[in-house]
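# this one's structure only:
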């Protein structure tokens with residue numbers, strides 16, 4: 001098959017359906033082409049070595065990658081974010097219509113939904129079936145994060161989503177809850193499959209040694225949160241829990257790794273509250289992050305206490321499971337169910353300072369062999385149910401069915 005991957009975010013940006021996915025499809029004997037943007041996520045700044053232009057072509061291990069124009073932005077300005085999304089969608093659509101040779105199937109990665117809109121237009125005009133991989137439910141996420149609050153705008157976005165769901169040949173979602181919700185929105189059940197995300201295994205397991213002494217992590221019980229630090233993560237309550245923990249067990253330390261629009265505000269909160277057991281580390285390459293995750297005593301997942309997030313599985317969950325360390329899951333619903341099934345850690349109520357504090361203090365008193373067994377359980381569960389090979393096999397079956405029935 002000739003497969004077009006249409007995604008606004010691609011390596012070197014952090015993404016789970018990026019180069020590793022493309023290479024796995026190619027290694028299975030298929031021709032893969034990628035249309036993406038110039039890397040600027042999550043900071044909104046163009047990565048070193050890249051410069052915004054109308055088009056830039058790359059070839060990595062035989063995979064043709066075309067980067068098209070976009071307006072780089074990922075701050076808290078809704079207008080700039082909309083321009084970012086629409087500029088990529090328009091560029092990708094124009095390039096796909098006039099410059100991409102014959103393809104059999106389009107894979108579109110959502111968010112943002114504008115990528116799905118570009119895929120729908122391409123598929124309609126060029127008569128190509130497309131699959132929509134729904135990683136975020138819009139307009140629900142826009143409402144939950146406060147990016148858009150006006151009801152009429154949310155209604156417009158909802159109607160666009162419904163049109164795209166109607167146009168797509170197949171939909172893949174990251175959790176059972178997503179599937180239930182879309183079925184409730186009149187999307188045919190036969191059109192939707194659940195394929196769990198996987199970790200970036202190649203980089204995650206290519207450990208690059210880091211100096212724990214230099215980072216201030218040696219001889220501490222480290223609770224690590226790694227990833228985007230934005231409004232959806234709602235980390236204020238974690239910082240307040242850290243302050244309570246500090247008064248009881250000063251060996252416990254909270255380590256936040258990553259960038260995002262909330263970093264500076266949270267650093268200010270730490271300073272104002274005089275919280276001394278918290279450190280912030282900048283965004284790192286995945287192989288460096290892998291080394292730190294491996295050194296963690298607890299890996300933390302936390303999202304805002306919102307019904308939307310009860311049906312999502314934060315992408316860091318898979319990396320945490322794969323690395324084989326105990327997990328504190330502060331997300332309700334499907335994500336908590338996954339940790340319970342894997343027997344890989346504790347689940348607590350998000351944004352509940354007392355619940356988070358109690359769980360961390362309790363986990364810190366567990367024997368090392370108990371914590372290690374939790375990690376081993378998670379790693380085993382990942383390889384049996386969530387790995388790259390498992391996921392790619394499922395995608396290829398769907399792609400083949402789409403092409404045969406188009």
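Right, received. Where do you want to start? In this text the structure is predicted, and so the values were computed from the model without any measurement.
# Verify the contact between residue 206 and residue 289 for me.
No. Using C-beta atoms under 8 Å, residue 206 is not in contact with residue 289, being 10.8 Å away. Heads up, the C-betas are built off the backbone N, CA and C, glycines and all.
# With neighbour numbers in mind, choose between those two.
Taking other C-beta atoms under 10 Å, residue 206 and residue 289 do not tie; residue 289 has more neighbours (27 against 14).
# and that one, helix, strand or coil?
At residue 289 the chain is in helix, as set by DSSP: H, G, I helix; E, B strand; the rest coil.
# how about stretch 139-150: buried residues?
Residues 139-145, 147-148 are the ones in stretch 139-150 that count as buried (16 or more other C-beta atoms under 10 Å).
# Just the residues contacting that stretch, thanks.
Under the criterion C-beta atoms under 8 Å, 6 or more residues apart in numbering, residues 78, 81, 111, 154-155, 157-158, 161, 230-232, 304, 306, 308-309 lie in contact with stretch 139-150.
# hmm, try it at 6 Å
The contact list for stretch 139-150, computed with C-beta atoms under 6 Å, 6 or more residues apart in numbering, reads 78, 154, 157-158, 231-232, 306, 308.
# Most neighbours of all those, which one?
Neighbour-wise, those (other C-beta under 10 Å) top out at residue 232, 23 neighbours.
# wait, what's in contact with it?
Applying C-beta under 6 Å, 6+ apart, the residues contacting residue 232 are 145, 303-304.
# what pLDDT does residue 50 get?
Note on residue 50: pLDDT of 94.
# Could you give the secondary structure assignment for it?
Once three-state DSSP is applied, residue 50 turns out coil.
# so what's it closest to, chain neighbours aside?
residue 38 (5.1 Å; C-beta to C-beta, 6 or more residues apart in numbering).
# Compute the distance between that neighbour and residue 7, please.
Going from residue 38 to residue 7 by C-beta to C-beta, to the nearest Å gives 13 Å.
# ok, residue 96 touching residue 120?
No. The pair residue 96 / residue 120 is not scored as a contact, 11.3 Å apart, by C-beta atoms under 6 Å.
# Between the two, which is the more surrounded one?
residue 96 (25 against 22).
# which ones are touching the more buried one?
Counting by C-beta under 6 Å, 6+ apart, residue 96 touches residue 122.
# Just the buried positions in stretch 43-59, please.
43-44.
# can you check stretch 362-372 too?
By 16+ other C-beta under 10 Å, the buried positions in stretch 362-372 come out as 363-364, 366, 371.
# Can I get the buried residues of stretch 139-150 in a markdown table including pLDDT?
Below are the buried residues of stretch 139-150 laid out as a markdown table (pLDDT from 0 to 100):
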| residue | pLDDT |
| --- | --- |
| 139 | 87 |
| 140 | 83 |
| 141 | 79 |
| 142 | 82 |
| 143 | 80 |
| 144 | 72 |
| 145 | 70 |
| 147 | 75 |
| 148 | 78 |
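# about what we covered before: inside strands: which ones of the buried residues of stretch 362-372?
The strands, defined by DSSP state E, take in nothing from these.
# And the furthest pair within the residues you listed?
364 and 371 (9.3 Å; C-beta to C-beta).
# wait, residue 277 sits on residue 253?
Yes. Counting by C-beta under 6 Å, residue 277 does reach residue 253; the two are 5.0 Å apart.
# Count the residues that sit near the closest residue to residue 23 other than its chain neighbours.
Of all residues not flanking residue 23 in the chain, residue 61 sits nearest, at 6.2 Å (C-beta to C-beta, 6+ apart). By the criterion of other C-beta under 10 Å, residue 61 has 10 neighbours.
# Please report phi then psi for residue 61.
phi 50, psi 40 (degrees, to the nearest 10).
# of residue 38 and residue 7, who's got more company?
A count of neighbours by other C-beta under 10 Å puts residue 7 above the other of residue 38 and residue 7, at 24 against 20.
# Okay, the closest residue to the more buried one other than its chain neighbours and residue 5: tell me how far apart.
Nearest residue to residue 7 in three dimensions, chain neighbours excluded: residue 109, at 3.8 Å (C-beta to C-beta, 6+ apart). For residue 109, the distance to residue 5 (C-beta to C-beta) stands at 7 Å.
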